[in-house]
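Undergrad: Below: sequence and its predicted model.
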Amino acid sequence: MHTSLSAFDLARLQFAFTVSFHIVFPALSIGLASFIAVLEACWLKTRQPFYKDLCLFWSKVFAVAFGMGVVSGVVMSYEFGTNWSGFSSFAGPVTGPLLMYEVMTAFFLEAGFLGIMLFGWNRVSPRAHFGATLMVAVGTLISTFWILASNSWMQTPQGFEIVNGHVVPTDWFKIIFNPSFPYRLAHMAIAAFIVAALVVAASGAWHLLKGRRDPAIKKMFSMALGLLLVLAPVQAFVGDAHGLNTREHQPAKIAAIEGIWDTEQGGTALNLFGIPDMQAETTRYAVSVPHLGSLILTHSWDGQIKGLKSFPADERPNSPLLFWSFRVMVGLGLLMILLAVTGWVLRRRGTLYESRGFQRFALAMGPTGFATLLASWVTTEAGRQPWVVYGVMRTAQAVSPLTTQQVGVSLMAFVVVYFLVFGTGIYYMLKLLRKGPALPGETPREPRQPDPQRQPHEPRMAHPALAANQTARRPMSAADQLIDA
């Protein structure tokens, strides 16, 4: 049966669309900012030129990601007032100051030092430039702190009371350090570093497959895989702790994620596969492992997990959506661990830079960080429904009194503008990644000096780094020659 979408449904769809574009760019810029700071520290310590080449290269990518993140974030701040004025009026005394702290401490810090980081290489001392890079990296992490504090409070609210229909803060320490905040902050920060590491690894794999073997390419490929080897397994443990916290404070979300309808006594099975049916209150075609749900979700053989039937029908999250978004997140996370471990094995064997099959695997895994991030965000936010402030304010109470036509027109405008603007930005970022860091001996941003010994019509000799790899790479197309020139 055909059912038209209401203004409320379109407002939710519009916010989901805009936040999906927004979250990927800050995540990449958070990870890249710290990566660039590490590269610059290595350059200051060793004075190896390829470290500076990598700094200059990844700073360009960071600048594009940072700019798109700022633009998409500004749009969302206005969206709170236009589409969700009920939420702003009710919870503004808490969320407003938290977002203000983010602007005053993080955004101003980033904006103040970003110009020096990007354009100050030859205008300030190396140590002063490194200090600016550090400030930008620290600013991105402070921004993560405040944004996650605000969002976590909406998930596990405390430290307030309601007076005349408005939230009034009573304990800012409890508001900021609410029960889910430490787990969500760690989970998100690690996710941002993993997103950046996968992009860096994919970029390195691309250039290795194209025949480059210079130190810059090898170093960024090696560093990215080393970071993944540490953080991918750590993220699994952080996710497990986050799951235990969620079961305590948002049990309906856990039941929806696992497609559990009845509270099982003596141990809960884990549904590996299935199709949750909200109307029939069952998970069809379920493939289950007895007691595994209890082991994972309670760390005991016979731990009890409340089923969705224990909650009123109008307080149940969308189980089919959560069931599959969570499994996409976990499945891709396991592939990341496989990528990191395989890279470690190849490194031990001395074939890390020669295994073309592994390099294709790393290249294919490049976008999976963004996909995992979006899947985890869907799991977190859709799992909170039907509450915008969990257990306190329903999402339907937060929407502005708008017509379907008003929200529909703005949604269509967002879709067109976002794909034009951010599509162009993503295209330019991919073009930068395809070009790669400067070749050994080249100075980025500076033209090559003419050779006084070369006659005007004498053909230019091939670059040594390319000449050494001619046997390892296929003949270059005209487009490749143009870009490499």
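TA: Now that the structure is in, tell me what you want to look at.

Undergrad: where exactly do the strands run in the protein?
TA: In the chain, the segments counted as strands under DSSP state E are 160-163, 166-169, 270-277, 282-289, 387-389, 393-394.

Undergrad: Now find how far off-centre stretch 7-17 is within its chain.
TA: 21 Å (Cα atoms, centre = their mean, to the nearest Å).

Undergrad: Can I get that stretch in CSV, CA atoms only?
TA: Extracted in CSV, the C-alpha atoms of stretch 7-17 (Å, rounded to 0.1, in the frame of the first residue of the first chain):
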residue,chain,number,x,y,z
ALA,A,7,7.0,16.5,6.9
PHE,A,8,8.4,14.7,10.0
ASP,A,9,9.7,11.8,7.8
LEU,A,10,11.2,14.2,5.3
ALA,A,11,12.9,16.2,8.1
ARG,A,12,14.5,13.0,9.4
LEU,A,13,15.5,12.0,5.9
GLN,A,14,17.1,15.5,5.3
PHE,A,15,19.0,15.4,8.5
ALA,A,16,20.2,11.8,7.8
PHE,A,17,21.4,13.0,4.3
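
Undergrad: all numbers from here: first residue = 315
TA: From this message on, residue numbering opens at 315, which makes the last subject stretch 321-331.

Undergrad: neighbouring contacts of stretch 540-548?
TA: By Cβ atoms under 8 Å, 6 or more residues apart in numbering, the residues outside stretch 540-548 that reach it are 504, 507-508, 511-512, 515, 647, 650-651, 653-655, 657-658. No exception for glycine: its C-beta is placed from N, CA and C like everyone else's.

Undergrad: Quick check: buried residues in that stretch?
TA: 540, 541, 542, 543, 545, 546 (16 or more other Cβ atoms under 10 Å).

Undergrad: Quick check: pLDDT value at the closest residue to residue 512 other than its chain neighbours.
TA: Nearest non-adjacent residue to residue 512, counting by Cβ to Cβ, 6 or more residues apart in numbering: residue 683, 4.1 Å away. On the pLDDT scale, residue 683 is placed at 93.

Undergrad: Give me the below-cutoff pLDDT ranges for this protein.
TA: Scanning the chain for pLDDT under 70 picks out the ranges 315-317, 755-799.

Undergrad: returning to that earlier point: columns distance to residue 592 on top of the buried residues of stretch 540-548, output as JSON lines?
TA: Formatted as JSON lines, these follow (distance: Cβ to Cβ, whole Å):
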{"residue": "540", "distance to residue 592": "44"}
{"residue": "541", "distance to residue 592": "40"}
{"residue": "542", "distance to residue 592": "37"}
{"residue": "543", "distance to residue 592": "40"}
{"residue": "545", "distance to residue 592": "36"}
{"residue": "546", "distance to residue 592": "33"}
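
Undergrad: Out of the contacts of stretch 540-548, which is nearest to residue 576?
TA: Set against residue 576, the nearest of the contacts of stretch 540-548 by Cβ to Cβ is residue 647 (28.4 Å).

Undergrad: Check whether the closest one really touches residue 549, as I assumed.
TA: Yes: assessed by Cβ atoms under 8 Å, residue 647 is found in contact with residue 549 at 6.7 Å.

Undergrad: hang on, the earlier thing: I'd like the contacts of stretch 540-548 as a markdown table, with neighbour count and distance to residue 733 appended.
TA: Formatted as a markdown table, the contacts of stretch 540-548 follow (neighbours: other Cβ atoms under 10 Å; distance: Cβ to Cβ, whole Å):
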| residue | neighbour count | distance to residue 733 |
| --- | --- | --- |
| 504 | 18 | 30 |
| 507 | 22 | 28 |
| 508 | 26 | 26 |
| 511 | 27 | 27 |
| 512 | 28 | 23 |
| 515 | 29 | 27 |
| 647 | 21 | 28 |
| 650 | 22 | 28 |
| 651 | 16 | 33 |
| 653 | 23 | 30 |
| 654 | 24 | 33 |
| 655 | 15 | 37 |
| 657 | 23 | 35 |
| 658 | 15 | 39 |
